[in-house]
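Asks: dropping the sequence and predicted coords here.
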Amino acid sequence: MSETTLIVEGSEWTFENLENLELEIGRIAEGYRLDTYPNQIEIITAEQMMDAYSSTGMPLGYHHWSLGKQFLSTEQKYKRGHMGLAYELVINSNPCISYLMEENTLALQALVIAHACFGHNSLFKGNYLFKTWTDASAIVNYLVFAKGYVADCEERHGLEATEALLDSCHALMNYGVDRFRRPNPISAEQEQQRQIEREEYQQQQVNDLWRTVPQKDEASDVDGPRFPEEPQENLLYFIEKNAPLLEPWEREIVRIVRKISQYFYPQRQTKVMNEGWATFWHYTLLNTLYDEGLVNDGFMLEVLQSHTNVIFQPEYDSPNYNGINPYTLGYAMFTDIRRICEAPTDEDRRFFPEFAGKDWLDTLHHAMEDFKDESFILQYLSPAVIRNLKLFNILDDDKNEEIEVTAIHDDNGYLRIREELANQYNLSKQEPNIQVFEVDLRGNRSLSLQHIQHDRIPLDKDDATEVLKHLHHLWRFDVLLDSIQEGKVTNSYVCADASVHEAGDETPG
Amino acid sequence: MAFLIIDRRPQGRNKSAVNRQRFLRRYRKHIREAVADAVNKRGITDTDRGDQISIPRKDVSEPIFRHGRGGRQHRVLPGNKEFITGDKIKRPEGGAGDGGGGEASNTGEGMDEFVFELSRQEFLDFMFEDLELPNLVKKQLKETEAFKYIKGGYTNEGIPARLNVLQSLRSAKARRIALGGAIRRQIKLLEKELAALEENDGDEDRISEIKAELNRLERRLNHVPFLDDFDLKYNNIIQQPLPTSNAVMFCLMDVSGSMTQDVKDLAKRFFILLHLFLKQTYKKIDVIFIRHHTVASEVNEEEFFYSRETGGTVVSSALEMMLKVIRDRYPLADWNIYAAQASDGENWQDDSPKARDLLMNSILPLVQFYAYVEITKREHQALWNAYESLLEKHGDSFAMKRVSETADIFPVFHELFEKKSE
């Protein structure tokens, strides 16, 4: 080891320390070609961290009781020692804002800086989803605008009404996303400027749609063009544009929720990659720091201990098991990609001929930039990782008495596991496929939705019933939902005047 | 590489406080039920703290469209130990964890209750919501004899000790500027003229004339006094009536043989609630414990609740004792007086009317509120019957209720102090 002097000493951090660390880690990161937004590090207390944590990392978000609920449960768990707080929180914005907790030791701060300020940050800047779907420079202003607008509505239209509206929007938040079309960039200024014009214009549009006076007998015979012509998957968008009775401010709030949901869509699709990438880099960057002799052994041991905790994966039968840890999976995969590049085995050459033995940094950057969780796993999950995590696949079919193990970590199982795991991260399979099917324009203005079942998987009935009430709250006429299995309706839900009942056949089981 | 470190610790504490309050407001009904429940379940000594509150999870859930159980579901799991391809496993009872997502439930185990902590203050607020101390306002307005002194700007008159130098000099200066303004303007004009004349070797007469005039003006200017009587400003101190914020609470309890430990416990709970409630309103509260059998004595808390005595019961002895204590130590002007009496209702037959008269004539006129709690499972006892006649005349400062078990305490307390509609 070279005789360079330590850049930091002791376990207490100081602002000077942090600056030194940032500079050094930044220098090393540059050597690894990590391209980032400028960093803005904010030191906060544990209490503030709980705040930030419970506002889903959006400290500037509008007020809502559900965030209070989050806060209470976080606080409860933290106080009773059931969970530690996240060491860091990072916002996809430009500059990239990272929150560091004051309780962290120096080594932890270093880990967090490497993890958030360079790991997450570079993915936010480099990944294609974030590049095309989010605008890091506008988000903070937009959130401030949204917060102000919601507060304004609370004042003008009452807290209850606003809250009830937000509740309904939140219930459909996951269905407020354009999956394939690139959204318009968001800008707080424009939103404000255009707001009034848009309110008027929108209202006009909606009224146009409903101009036809219902003609009872004749109309039912004539099949006019169906509306919408194609099924619509963005429910919130559809409501914003077409719900007959919403007032302009209500449309605006639907829009805000939709925009925010859209902004987080890439993050929901890159959990594994995001955490894996950040974890890989905090490990690599800090190790380089150590190899250069800039930090001492005690520092490094503490880093390693935290690192080990972060990537701990409880086994499926452990009481602590709570799904696959995205840190573990992502870290294992990125680490293995590097290994395959640097020291490929025959198996690796067989599975990954395109990059086995190639430059690891190029390969890694490519993997980070051009994939999302689903495709990333499909492309890069290696047999070695499957073996290390001892992954296995089960099939739970309600037509069979027993659950079947369909693949384990052996030659026959690798491809199957890889495919199923990738599916597991495919949001469009994880979330029920529900689309707006038809609006009865000439009759009772009811809104019909369809749920297309995949592998006969039904909807959760209680929740579906509740969500339908929320949908009714927005649409304000009858709402129907048919759950369809291979072209046949197996279950339908109706919400008329806020009373929901199930109709039609029950699915067996 | 550009970067910035900001210390946010000093700002933005309690950012979620708004959201937290929203939550509490939304689930007010649930929380109040839970609080009332908790109060009844608690030990006697720890009524005064926050508590865990649980609400049925389904009531606070935020529904979304999601998959239910059933159909063909694949799931990849880590940590295979014994399975090989083709193995069949019996379907576990109850729910298997959600696959993949990882955050399906944030507790790991299915929990039916949403549990969170209320701070002590929040807890008490919920506990005493909708309750009020009777006759509080009356006393405060009527009987104020304490005052506090606060600053109230400046006056032109006052004693030398309150002279405000800064304000005085400030007003003196203003006056000097105002009075000297015209003269100074003239001086300026003349000086200008003088300067012009001297430069051009002008008219000698005019120069001396101007000089004389200037002299005169200077003198006039000097006559403007530096400090005049009416410049003086004094700090103004005003008296503000201070509502009496002291309260004394009398706990009267029968400790005769018929009062068992259970009954005493019930009484104690009631006293503690009252104490907590008074604490919400008053800064300082004295608690006086008076116990009695045939004779009354003032005791400390320990003795009050736990020492054993036997004997008959003469309620009036305690009332007399209370009167004496009030007379000796608690002048009405300074103290709000509350009293609660707990008893199983037994009394010497001919003492009850005496106790009633004492209350009616001597005590009720003095106190803000007098509550009588009868603790018995049987029918109303002698004392109750005697007291009943008080209700009519003194309904606003006297109340009585019967309690037969722990669960009654809080509801009864609630009834006693319920906000009366105006």
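Replies: Perfect, thanks for sending it. Predicted model only: the values in this text are computed from it and were never measured. Numbers count the residues shown, from 1 in each chain, chains lettered A, B, ... in the order given.
Asks: how about B:M249, secondary structure?
Replies: Under DSSP: H, G, I helix; E, B strand; the rest coil, the three-state class of B:M249 is strand.
Asks: that one bridge partners, please.
Replies: B:V287, B:Y338 (DSSP bridges).
Asks: which residue packs closest to the residue in the stretch 101-250 of chain A positioned nearest to chain B, ignoring adjacent ones?
Replies: Nearest residue of the stretch 101-250 of chain A to chain B, counting by Cβ to the nearest Cβ: A:A171, 5.5 Å away. The way it works is simple: take the backbone N, C-alpha and C, and place the C-beta from them, glycine included. Excluding its sequence neighbours, the residue lying closest to A:A171 (Cβ to Cβ, 6 or more residues apart in numbering or on different chains) is A:H470, at 4.0 Å.
Asks: what of A:F118?
Replies: The shortest distance from A:F118 to any non-neighbouring residue, by Cβ to Cβ, 6+ apart, is to A:A29 (4.5 Å).
Asks: now A:I394: phi and psi?
Replies: Main-chain dihedrals, A:I394, degrees, to the nearest 10: phi -120, psi 150.
Asks: the stretch 101-250 of chain B: strands as residue ranges?
Replies: With DSSP state E, counting those that start in this stretch as the criterion, the stretch 101-250 of chain B has strands at B:113-118, B:146-155, B:234-242, B:246-254.
Asks: Serialize the ones you listed to TSV and add fields for distance to B:I288, mean neighbour count and mean pLDDT.
Replies: Shown next, in TSV, are the strands of the stretch 101-250 of chain B (distance: least, Cβ to Cβ, whole Å; neighbours: other Cβ atoms under 10 Å in any protein chain shown; pLDDT from 0 to 100):
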stretch	distance to B:I288	mean neighbour count	mean pLDDT
strand B:113-118	31	19	81
strand B:146-155	21	12	79
strand B:234-242	23	14	80
strand B:246-254	5	24	84
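Asks: so can I have JSON lines of the ones you listed showing distance to A:R456?
Replies: Formatted as JSON lines, the strands of the stretch 101-250 of chain B follow (distance: least, Cβ to Cβ, whole Å):
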{"stretch": "strand B:113-118", "distance to A:R456": "32"}
{"stretch": "strand B:146-155", "distance to A:R456": "77"}
{"stretch": "strand B:234-242", "distance to A:R456": "76"}
{"stretch": "strand B:246-254", "distance to A:R456": "69"}
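Asks: between these, which one is closest to B:R329.
Replies: strand B:246-254 (8.3 Å; Cβ to Cβ).
Asks: check which element follows that closest one along the chain.
Replies: helix B:261-281 (DSSP states H and E).
Asks: and stretch A:342-360, how far from the chain's centre?
Replies: 31 Å (Cα atoms, centre = their mean, to the nearest Å).
Asks: got it, and stretch B:292-303?
Replies: Offset of stretch B:292-303 from its chain centre (Cα atoms, centre = their mean): 31 Å.
Asks: mind listing the helices for the stretch 351-500 of chain A?
Replies: A:360-370, A:373-380, A:383-389, A:414-424, A:427-430, A:461-475 (DSSP state H, counting those that start in this stretch).
Asks: quick one, the first one and helix A:373-380 angle?
Replies: Right, the one you point to is helix A:360-370. If you take axes from the mean of the first three to the mean of the last three Cα atoms, to 10 degrees, helix A:360-370 sits at 150 degrees to helix A:373-380.
Asks: just to revisit the earlier point, the residue nearest to A:F118: what's it in contact with?
Replies: Residues in contact with A:A29 (Cβ atoms under 8 Å, 6 or more residues apart in numbering or on different chains) are A:36, A:114, A:118, A:122, A:281, A:285.
Asks: tell me the contacts of B:S171?
Replies: With contact taken as Cβ under 8 Å, 6+ apart, B:S171 is in contact with B:231, B:233.
Asks: make that A:L480, sorry
Replies: A:446-449, A:492-495.
Asks: per-residue confidence for it?
Replies: If you check A:L480, the pLDDT there is 92.
Asks: okay, and the beta partners of it?
Replies: Under DSSP bridges, the beta-bridge partners of A:L480 are A:S448, A:V494.
Asks: if I look at it, how far off is chain B?
Replies: 14 Å (Cβ to the nearest Cβ, to the nearest Å).
Asks: point me to the residue of chain B nearest chain A.
Replies: Of the residues in chain B, the one nearest chain A is B:G79, at a distance of 2.5 Å by Cβ to the nearest Cβ.
Asks: which of the contacts of A:A29 are buried?
Replies: Among the contacts of A:A29, those scoring as buried are A:36, A:114, A:118, A:122, A:281, A:285 (criterion: 16 or more other Cβ atoms under 10 Å in any protein chain shown).
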